[in-house]
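Peer 1: what follows is a predicted protein model with its sequence.
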Amino acid sequence: MTTQAKRISSHKRLPRGKTGGIELLLIHNVAHLGKQGEVVEVRAGYAKNYLLPQGLATIATDHHKRMVDKHRAKLLEIERERLKGLQELANNLSKQSVTIEANANDEGHLYGSVGPQDIVNALKQHDFQLTTDQVRLEGVLKELGLYTVKVQVHPDVIAELKVWVVPTVNDDQA
């Protein structure tokens, strides 16, 4: 059997949806696609090259659909507990304040800027493990001062963090 024939035969085994895409059952929440336990229809390449190999989805057979329906209440309870933990994290973040030192001129304009990576690094010192894509900045911070920065720990949970941008202290001036 040629490689193309293998590709076509494996392609035909995937269940087709109403619009001709591949029907998959999501094992995990996937941003911009759906939540855990939902049946979605995607293009064949997205299914075979990303969702299935990453373990984010499985083929939507009748058996899998029945299993999800049977365990949907348990999945909702697990998600509820996870959201409660994330809400607690968001509350702790909202109580937190981080200070970031940056080089600035006499008018308070920074020579560089403070971005999401700087905020994530400052939070690591306070034992918060976040990624740069969770920090929602409306542009980079280019002046000294106090900023309120949104941190999205979950699509439904957003915290507001106080970020102080202060001038770098030079020991040789003292």
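Peer 2: Structure received.

Peer 1: per-residue confidence for the closest residue to Asn91 other than its chain neighbours?
Peer 2: Counting by Cβ to Cβ, 6 or more residues apart in numbering, Asn91 lies nearest to Ala159, which is 7.4 Å off, once chain neighbours are set aside. C-beta: built from backbone N, CA, C; applies to glycine. The pLDDT attached to Ala159 in the predicted structure is 92.

Peer 1: dump the helix or strand hosting Ala159 to PDB, restricted to CA.
Peer 2: Element membership of Ala159 [criterion: DSSP states H and E] is strand 157-167. Coordinates of the C-alpha atoms in strand 157-167 are reproduced here as PDB (Å, rounded to 0.1, in the frame of the first residue of the first chain):
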ATOM      1  CA  VAL A 157     -11.300  34.400  36.000                       C
ATOM      2  CA  ILE A 158      -9.400  37.700  35.700                       C
ATOM      3  CA  ALA A 159      -7.400  39.300  38.500                       C
ATOM      4  CA  GLU A 160      -6.200  42.900  38.800                       C
ATOM      5  CA  LEU A 161      -2.600  43.300  40.000                       C
ATOM      6  CA  LYS A 162      -0.900  46.500  41.200                       C
ATOM      7  CA  VAL A 163       2.400  47.100  39.500                       C
ATOM      8  CA  TRP A 164       4.800  49.800  40.700                       C
ATOM      9  CA  VAL A 165       7.400  50.900  38.200                       C
ATOM     10  CA  VAL A 166      10.100  52.700  40.200                       C
ATOM     11  CA  PRO A 167      13.500  54.200  39.200                       C
END
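
Peer 1: so which bits of it are buried?
Peer 2: Val157, Ala159, Leu161, Val163, Val165 (16 or more other Cβ atoms under 10 Å).

Peer 1: do stretch 19-39 as well
Peer 2: In terms of neighbour count (16+ other Cβ under 10 Å), stretch 19-39 has its buried residues at 21-27, 29-30, 34, 36-37, 39.

Peer 1: inside strands: which ones of these?
Peer 2: When the buried residues of stretch 19-39 are checked against strands (DSSP state E), the matches are Ile22, Glu23, Leu24, Leu25, Leu26, Val39.

Peer 1: quick one: the second one and Leu56, what's the gap?
Peer 2: Distance of Glu23 to Leu56, computed by Cβ to Cβ, to the nearest Å: 14 Å.
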